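**Q** requesting a structural model of the entry that follows:
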Amino acid sequence: MPPATRRLATGPCTGAEDRAALIALARAAGVPVRAVWLDTPPEVCLAHNAARTGRARVPLVGVHATRARFVPPSVGEGFDRVDVVRHALPLLPVELGTEAELLRGRVGPPACTGERRTM
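**A** Next up, the predicted model:
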């Protein structure tokens with residue numbers, strides 16, 4: 001088997017127990033384990049969800065339940081590093097009227113502070 005290089009795993013890993021299998025898999029493959037946490041404000045998550053249609057829209061009970069279970073990743077659970085990316089409002093284009101309504105006038109061009117820190 002060729003040596004592992006770079007791999008990406010994503011998903012609703014809300015806590016250390018959800019991430020443990022991925023960390024163990026990476027360790028077994030001999031690759032560094034890095035988490036990138038996109039720290040997104042709740043109102044932005046709700047705006048993005050509201051802009052979705054049909055089956056793509058997550059029921060609000062699911063959004064709130066996932067947020068309630070979420071525990072930020074840490075090096076203490078086995079990551080070599082954790083990068084946190086914090087976003088400045090707003091993140092969606094102005095054309096999405098639902099976001100403009102939800103964010104009550106705080107809408108402008110997409111922006112990201114680009115702030116990163118290693119925990």
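**Q** scan this protein for its longest helix.
**A** Counting by DSSP state H, the longest helix found in the chain is helix 16-29.
**Q** list the buried residues of that one.
**A** Neighbour-count burial for helix 16-29, with 16 or more other C-beta atoms under 10 Å as criterion, is recorded at 16, 19, 22-23, 26. The way it works is simple: take the backbone N, C-alpha and C, and place the C-beta from them, glycine included.
**Q** can you put those residues in a markdown table and add distance to E77 and pLDDT?
**A** Output for those, formatted as a markdown table (distance: C-beta to C-beta, whole Å; pLDDT from 0 to 100):
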| residue | distance to E77 | pLDDT |
| --- | --- | --- |
| A16 | 4 | 93 |
| R19 | 6 | 92 |
| L22 | 11 | 88 |
| I23 | 7 | 92 |
| A26 | 12 | 89 |
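**Q** same list, those residues, but as a markdown table with distance to A56 please.
**A** Converted to a markdown table, the buried residues of helix 16-29 look like this (distance: C-beta to C-beta, whole Å):
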| residue | distance to A56 |
| --- | --- |
| A16 | 29 |
| R19 | 25 |
| L22 | 25 |
| I23 | 29 |
| A26 | 30 |
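**Q** fine by me, we can end here.
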